[in-house]
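Asker: Sequence first, predicted model second:
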Amino acid sequence: MNAFNRLPGFVQTPAGRERDVLRWLPRVLVFGTLLLALPSLATRLLVGEGSTADAPTGLQMVDILALSVVLLHWTAVLTMAIAAFIVMVMKGPAYVADAYPLGDSETPDAPDGRQPASS
């Protein structure tokens with residue numbers, strides 16, 4: 001018994017932009033994270049640790065903002081990956097579920113297996 005019965009005569013949709021999106025997402029994730037972390041690194045290099053009394057507070061604020069933007073970026077990339085994967089799966093082949101007899105059917109099958117003619 002085959003677990004996956006393909007629907008006969010189904011024409012599979014060709015792959016589209018979702019494959020390109022899935023191919024680009026790892027690069028977008030890495031380079032986007034690096035670009036969004038640059039303000040935090042630049043602030044540390046320019047301001048330094050002991051310049052003024054307000055420097056640690058400013059550094060902490062920039063770090064928190066950079067971290068929140070990076071997490072937002074990761075969430076957006078994950079959402080795009082899920083959406084592209086769903087589109088890819090939905091464009092795949094169609095499958096037929098196994099039939100099972102309905103004992104309480106309102107219009108039972110004829111003895112020879114044909115459906116009764118409707119009036």
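Answerer: Sure, I can see it.
Asker: so how far is Ala76 from the residue most central in space within the chain?
Answerer: By CA atoms, centre = their mean, the chain has its centre lying nearest to Ile82, at 0.5 Å. Ile82 sits 11 Å away from Ala76, taking CB to CB, to the nearest Å as the criterion. In this view, the C-beta of every residue, glycine as well, is placed from N, C-alpha and C.
Asker: tell me how far stretch 68-84 is from the chain's mean position?
Answerer: Its chain's average C-alpha position is 9 Å from that of stretch 68-84, according to CA atoms, centre = their mean, to the nearest Å.
Asker: Kindly format the C-alpha coordinates of that stretch as CSV.
Answerer: The C-alpha atoms that make up stretch 68-84 are tabulated as CSV, following Å, rounded to 0.1, in the frame of the first residue of the first chain:
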residue,chain,number,x,y,z
SER,A,68,16.0,44.9,18.9
VAL,A,69,16.5,45.8,15.2
VAL,A,70,18.5,42.6,14.6
LEU,A,71,15.8,40.5,16.3
LEU,A,72,13.2,42.2,14.2
HIS,A,73,15.2,41.4,11.1
TRP,A,74,15.6,37.8,12.1
THR,A,75,11.8,37.6,12.6
ALA,A,76,11.1,39.1,9.2
VAL,A,77,13.5,36.7,7.5
LEU,A,78,11.9,33.7,9.3
THR,A,79,8.5,34.9,8.3
MET,A,80,9.6,35.1,4.6
ALA,A,81,11.2,31.7,4.8
ILE,A,82,7.9,30.2,6.2
ALA,A,83,5.8,31.9,3.5
ALA,A,84,8.2,30.8,0.7
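Asker: what does that stretch rub up against?
Answerer: Contacts to stretch 68-84, defined as CB atoms under 8 Å, 6 or more residues apart in numbering, come from residues 18-19, 21-22, 25, 28-29, 32-33, 36-37.
Asker: Next step: these restricted to helices.
Answerer: 18-19, 21-22, 25, 28-29, 32-33, 36-37 (DSSP state H).
Asker: longest single helix anywhere in this structure?
Answerer: Max-length helix for the chain by DSSP H is helix 55-90.
Asker: I'd like the distance from that helix to the chain centre, please.
Answerer: Worked out by CA atoms, centre = their mean, helix 55-90 lies 14 Å from the chain centre.
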